[in-house]
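*Asks:* predicted coordinates and the sequence they were generated for:
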Number of protein chains: 2
Amino acid sequence: MEKELKRLREIERELSLLYGAIGLLYWDEHTYIPKKAVPQRGEQIAYLSKLYHEKSTSKELKGIINRLSSKTVFNKLSKIDQHAIKKHKKQITRFSKLPSSFIEEQMKLLSESHAAWLKAREAKDFSILEPYLEKVIAMTKKKANLIDPKEHPYNVLLDDYEEGMTVKELNLVFAELKPRLIGIINKIRASEKFKKQENKLSKMNFPADKQMKIVNDLKKLMLLEDDRTNVAQTVHPFEVSISPDDVRITTACRPGKPFFSLGSTVHEAGHALYELGLPRELKYTILFNASSTGMHESQSRFWELFVSRSREFWDFYYNKYQKEFDELKNVSKEEFYELLNQVNFSPIRIECDEVTYNMHIIIRYELELALIEGKLKVRDLSKAWNAKYKEYLGITPKDDVEGVMQDTHWPDGNFGYFPTYSLGTMYAAMLSNQMKKEMPLQKYIKEGNFRPILDWLRKNIHNKGATMFTKDIIKQICKRDLVSDDFINYLKEKYGKIYKL
Amino acid sequence: MEKELKRLREIERELSLLYGAIGLLYWDEHTYIPKKAVPQRGEQIAYLSKLYHEKSTSKELKGIINRLSSKTVFNKLSKIDQHAIKKHKKQITRFSKLPSSFIEEQMKLLSESHAAWLKAREAKDFSILEPYLEKVIAMTKKKANLIDPKEHPYNVLLDDYEEGMTVKELNLVFAELKPRLIGIINKIRASEKFKKQENKLSKMNFPADKQMKIVNDLKKLMLLEDDRTNVAQTVHPFEVSISPDDVRITTACRPGKPFFSLGSTVHEAGHALYELGLPRELKYTILFNASSTGMHESQSRFWELFVSRSREFWDFYYNKYQKEFDELKNVSKEEFYELLNQVNFSPIRIECDEVTYNMHIIIRYELELALIEGKLKVRDLSKAWNAKYKEYLGITPKDDVEGVMQDTHWPDGNFGYFPTYSLGTMYAAMLSNQMKKEMPLQKYIKEGNFRPILDWLRKNIHNKGATMFTKDIIKQICKRDLVSDDFINYLKEKYGKIYKL
């Protein structure tokens, strides 16, 4: 048993090393790669991913996991090892059900589909993407069916990102969230304040070098250690883990969107803090991971919404921030706070405010569920998309680029991912409330004293890695299951004040 | 046969992809990596190197090469395929003779030895390195013996870098080079000009941002395509190939060494141009490589010595260069040219001038040959080093850091590498003379018109990749075998003028 466990650790270590190398190939592809080498980089990533897949479904690994799963051996393992073996068993079973011919076909189709998405966006023509999206959905359904023909296919897909989450549970929580969110949104729209609000932001332009100065300052403030991380600029911001002491974030300075670099930095830094806080004693093992995608998102959303968009944060930070940007000279702290939190009814998910954001997710969830269940055809997707935006948010995208083609998730075959954004937000609201019970959270934010906040997250979440399921971690911390109340109450209070509802 | 060749191409492609990924891990380790992650990066590189080694000695590859080498099949292959199969056969035979236990031991020892070198340098104490270096030499001899017990061990080592080169041939060419070089060096030292020369350089300090401006300008001038390369700053400059369209160079701005960034950029750019000019139709194959390490060095040395240190280049470039640096305000073009080419008798190889440079190499060659032949003991190495520096160059290193411990080659087990630096220089001198016969080389340099020069190198060298041996390429281009005459005559003419000999 000890020998098997030792060999398992070695295989896990090698898988981690390979995974990190893929992470670096990806990071570099978006930062320093010379342009012409991009297709060759694609080949490199594909080949290393193939090696990774082979290694994680190898006969040797299967044999080890089978032997460690046998009842007599399993019962002798520590709780943590048992959890790891269960995770391995599940992963290997899922992988094994997908023949390598299917994997290859899938990779080819997704690469074509992504290319079609880019082309369709450029031509502003959904019909270019349509046939590929149909194939991707058929393939996704096939995948779910291969893995578990008895389970609801969407549950199978969800399980990749949010272990244990189901359509049933999602429907319940969204059934609470949606009408209450629509209620708040409608109130805001009807308010005098909203009707009079000006979109001053789009006219502001902050110099990129000053934005980057703030970015680097935020990195320090948020206690990201310089010798374990760095920040680069990319078109789309992301966080990537290359090794336990090498977790990188990227940001973007977008003209006419002066707060984008601020928000994306705090968001990605939240992700990075999670990765940097994973349990060292489990380095390189399957448990040296986030407990789920939703939990990962809770960390980025917590810092982004509950810290960087809070009144307390700007009490602390506005003086410093204002000094960097000439355009803020005559903007008071109060006005700035309202601009930062302006509800903007953008048709674009990643550019919208925190009130409407989750409606964007609910729309995607309802549509992708219908697509997977066969209740909606791809040819009707654009119409259905626009109808929901009209119904829930009262807006109509000016074209499909602003509408159904704005995200890369579907062309890339990521069905079941979108809900984790909302789950993350709701978890974050619950965590924020729990923190307030245990410490003077707002006081700390107002002082720019983030150490006790990070310590709390480290102890309660980061240090647990994937040794527990998200559900159980949330329950352990908050003494409650997932609810939308905390997030809704947060919005009501904050936006009630801003829009004088 | 077609099927075997096709499968061989696929294996070669995968090996290239893996090799490129290792290249990126290395590049990033010296540029953007967060400091704490360096040991983990070491693990990543070691693991991917292990995968590379396994793949290049796999049963499958051996089987393919064996079948393609069988007389009836081999005779049906194209000349190029035959050359490739011969190279594979040789490589796989060499690899196969080293048991994996030996490879592992070697990696472990070299990593310890490198660490000991760093420690010994810091403590300025050769005795810390001594026992490791003894082991490294024993291991290197064992390696040569495992590969070919009947061959002179140094020939076996040389063959890794300069296929077909032998101690006999090296001794012949160095026997010509050495006394003539010493003759020139002694004349320079005895000259009035030398006695009066001032080391103005070490007092000059060029701002790093201005140096980088020049670096980027040089990159453009030398026709390095922006979409296939980039330049970063590292402690020690290097060139690395990550994929056929991703070849990177690095440079360093060293305080008190204002020309270091200039020289290293041109040097590494010369290497990069070779890599970027390899034959596209052979992409990912074993022939998509330089013909040898010496030939690679000829490309860097050609641009560094025969272009960037030439009078013609500065006729073209000095105005622009002078404008960037206040300290050059009152330095005439002539004075600058002489400063750039000042013979400085530095005890440090990588900081010395082009006249004494090859004496540094000859010293290393004589010593490492004696070490491998067992005629010199490690415990006497430092003394022998200093004696040779005294005898050949008339200088005495102030300590072993400035002396025997200045290079990382020996602690890293790279015996047989040093001579390729001199070979590269001598090849470059021959190529430069041949070019002068075929085109108005000096006129082109004076105009800053590098296109015809690059075209010539592309056609005659780069595009050949590893389809021919260096020896045969040189013979084909220059209609002569390797000689030291061209280089010696170049020095005589150039330094005869500078030092009025």
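*Replies:* All right, it came through fine. Numbering: from 1, shown residues only, chains lettered A, B, ... in the order given.
*Asks:* average model confidence for the helix or strand hosting A:Tyr318?
*Replies:* Take DSSP states H and E as the rule and A:Tyr318 turns out to sit in helix A:311-324. Averaged over helix A:311-324, pLDDT sits at 97.
*Asks:* now do stretch A:388-403
*Replies:* On average, stretch A:388-403 scores 96.
*Asks:* then stretch A:363-376?
*Replies:* pLDDT averaged over stretch A:363-376 gives 98.
*Asks:* against which helices or strands is the helix holding A:Tyr318 packed?
*Replies:* helix A:208-221, helix A:333-340, helix A:441-447 (3 or more CB pairs under 8 Å, 6 or more residues apart in numbering or on different chains; DSSP states H and E). To be clear about C-beta, it is placed using only N, CA and C from the backbone, and glycine gets the same treatment.
*Asks:* what does chain A have sitting close to chain B?
*Replies:* A:13-14, A:17-18, A:20-21, A:24-25, A:28, A:32-37, A:40-41, A:43-44, A:47-48, A:51, A:225-230, A:232, A:242-246, A:248 (CB under 8 Å from any CB of the partner chain).
*Asks:* mind checking which of those residues land in helices?
*Replies:* Mapping these onto helices (DSSP state H) picks out A:13-14, A:17-18, A:20-21, A:24-25, A:28, A:40-41, A:43-44, A:47-48, A:51.
*Asks:* let me know the secondary structure of the residue nearest to the spatial centre of chain A.
*Replies:* Central residue of chain A (CA atoms, centre = their mean): A:Glu297, 4.5 Å from the mean position. Three-state call for A:Glu297 (DSSP: H, G, I helix; E, B strand; the rest coil): helix.
*Asks:* contacting residues around it?
*Replies:* A:420-421, A:423-425, A:427-428 (CB atoms under 8 Å, 6 or more residues apart in numbering or on different chains).
*Asks:* try it again with 6 Å
*Replies:* By CB atoms under 6 Å, 6 or more residues apart in numbering or on different chains, the residues touching A:Glu297 are A:420-421, A:424.
*Asks:* now swap in A:Val247 and tell me
*Replies:* A:229, A:241, A:272, A:275-276.
*Asks:* how does it look with 7 Å?
*Replies:* Taking CB atoms under 7 Å, 6 or more residues apart in numbering or on different chains, we find A:Val247 in contact with A:228-229, A:239, A:241, A:272, A:275-276.
*Asks:* just send the helices and strands packed on helix A:311-324 back as JSON lines, with mean pLDDT and distance to A:Lys86 too.
*Replies:* Output for those, formatted as JSON lines (pLDDT from 0 to 100; distance: least, CB to CB, whole Å):
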{"stretch": "helix A:208-221", "mean pLDDT": "96", "distance to A:Lys86": "37"}
{"stretch": "helix A:333-340", "mean pLDDT": "95", "distance to A:Lys86": "44"}
{"stretch": "helix A:441-447", "mean pLDDT": "98", "distance to A:Lys86": "35"}
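*Asks:* mean neighbour count added to the ones you listed, as JSON lines?
*Replies:* Converted to JSON lines, the helices and strands packed on helix A:311-324 look like this (neighbours: other CB atoms under 10 Å in any protein chain shown):
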{"stretch": "helix A:208-221", "mean neighbour count": "17"}
{"stretch": "helix A:333-340", "mean neighbour count": "16"}
{"stretch": "helix A:441-447", "mean neighbour count": "17"}
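*Asks:* just put those in CSV and tack on distance to A:Pro131.
*Replies:* Putting the helices and strands packed on helix A:311-324 into CSV (distance: least, CB to CB, whole Å) gives the following:
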stretch, distance to A:Pro131
helix A:208-221, 40
helix A:333-340, 42
helix A:441-447, 50
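*Asks:* out of those, which gets nearest to B:Tyr495?
*Replies:* helix A:208-221 (47.3 Å; CB to CB).
*Asks:* who's in contact with that closest one?
*Replies:* Residues outside helix A:208-221 that contact it (CB under 7 Å, 6+ apart) are A:231, A:251, A:253, A:261-262, A:265-266, A:269, A:321, A:324-325, A:448, A:450.
*Asks:* same check, this time on stretch A:248-264
*Replies:* Everything outside stretch A:248-264 that qualifies as a contact, by CB under 7 Å, 6+ apart, is A:27, A:30, A:201-202, A:204-206, A:208, A:211-212, A:214-215, A:229-240, A:242, A:265, A:268-269, A:272, A:304, A:308, A:340, A:351.
*Asks:* tell me the mean pLDDT for that stretch?
*Replies:* 91.
*Asks:* can you give me the buried ones in that stretch?
*Replies:* A:248-254, A:257-264 (16 or more other CB atoms under 10 Å in any protein chain shown).
*Asks:* what about A:Lys494, distance to A:Met359?
*Replies:* Noted for A:Lys494: a distance of 17 Å to A:Met359, by CB to CB, to the nearest Å.
*Asks:* need the pLDDT of the residue of chain A most remote from its centre.
*Replies:* Within chain A, the residue lying farthest from the chain centre (CA atoms, centre = their mean) is A:Thr72, at 39.3 Å. A:Thr72 carries a pLDDT score of 95 in this model.
*Asks:* any idea which helix or strand comes after the host helix or strand of it?
*Replies:* Per DSSP H and E, A:Thr72 falls inside helix A:71-76. For helix A:71-76, the succeeding helix or strand toward the C-terminus, using DSSP H and E, is helix A:79-96.
*Asks:* average pLDDT for that next one?
*Replies:* Helix A:79-96 carries an average pLDDT of 94.
*Asks:* show me what it is packed up against.
*Replies:* The contact analysis (3 or more CB pairs under 7 Å, 6 or more residues apart in numbering or on different chains; DSSP states H and E) places helix A:79-96 against helix A:59-69.
*Asks:* the helix it packs on to helix A:79-96, inter-axis angle?
*Replies:* 140 degrees (axes from the mean of the first three to the mean of the last three CA atoms, to 10 degrees).
*Asks:* my guess is A:Tyr26 contacts A:Val240. True?
*Replies:* Yes. Between A:Tyr26 and A:Val240 there is a contact at 6.1 Å, judged by CB atoms under 7 Å.
*Asks:* hang on, the earlier thing: so the nearest residue to the residue nearest to the centre of chain A once chain neighbours are set aside is in which element?
*Replies:* Leaving aside its chain neighbours, A:Glu297 sits nearest to A:Gly424 (2.5 Å; criterion: CB to CB, 6 or more residues apart in numbering or on different chains). Following DSSP H and E, one finds A:Gly424 within helix A:419-438.
*Asks:* now do the strands in the stretch 101-250 of chain A.
*Replies:* A:231-233, A:239-243, A:246-251 (DSSP state E, counting those that start in this stretch).
*Asks:* what average pLDDT does stretch A:112-132 get?
*Replies:* 96.
*Asks:* output it in PDB with nothing but the alpha carbons.
*Replies:* Extracted C-alpha coordinates of stretch A:112-132, given in PDB (Å, rounded to 0.1, in the frame of the first residue of the first chain):
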ATOM      1  CA  GLU A 112     -12.600  24.400 -36.200                       C
ATOM      2  CA  SER A 113     -15.500  25.700 -34.200                       C
ATOM      3  CA  HIS A 114     -13.400  28.300 -32.400                       C
ATOM      4  CA  ALA A 115     -12.000  29.400 -35.800                       C
ATOM      5  CA  ALA A 116     -15.600  29.700 -37.200                       C
ATOM      6  CA  TRP A 117     -16.600  31.800 -34.100                       C
ATOM      7  CA  LEU A 118     -13.800  34.200 -34.900                       C
ATOM      8  CA  LYS A 119     -14.800  34.400 -38.500                       C
ATOM      9  CA  ALA A 120     -18.500  34.700 -37.800                       C
ATOM     10  CA  ARG A 121     -17.700  37.600 -35.400                       C
ATOM     11  CA  GLU A 122     -15.700  39.400 -38.000                       C
ATOM     12  CA  ALA A 123     -18.400  38.900 -40.600                       C
ATOM     13  CA  LYS A 124     -21.100  39.600 -38.000                       C
ATOM     14  CA  ASP A 125     -22.800  36.500 -39.400                       C
ATOM     15  CA  PHE A 126     -24.100  33.800 -37.000                       C
ATOM     16  CA  SER A 127     -24.800  31.500 -39.900                       C
ATOM     17  CA  ILE A 128     -21.100  30.900 -40.300                       C
ATOM     18  CA  LEU A 129     -20.900  29.600 -36.700                       C
ATOM     19  CA  GLU A 130     -24.300  27.800 -36.800                       C
ATOM     20  CA  PRO A 131     -23.300  24.400 -38.400                       C
ATOM     21  CA  TYR A 132     -20.300  24.100 -36.100                       C
END
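*Asks:* done for today, thanks.
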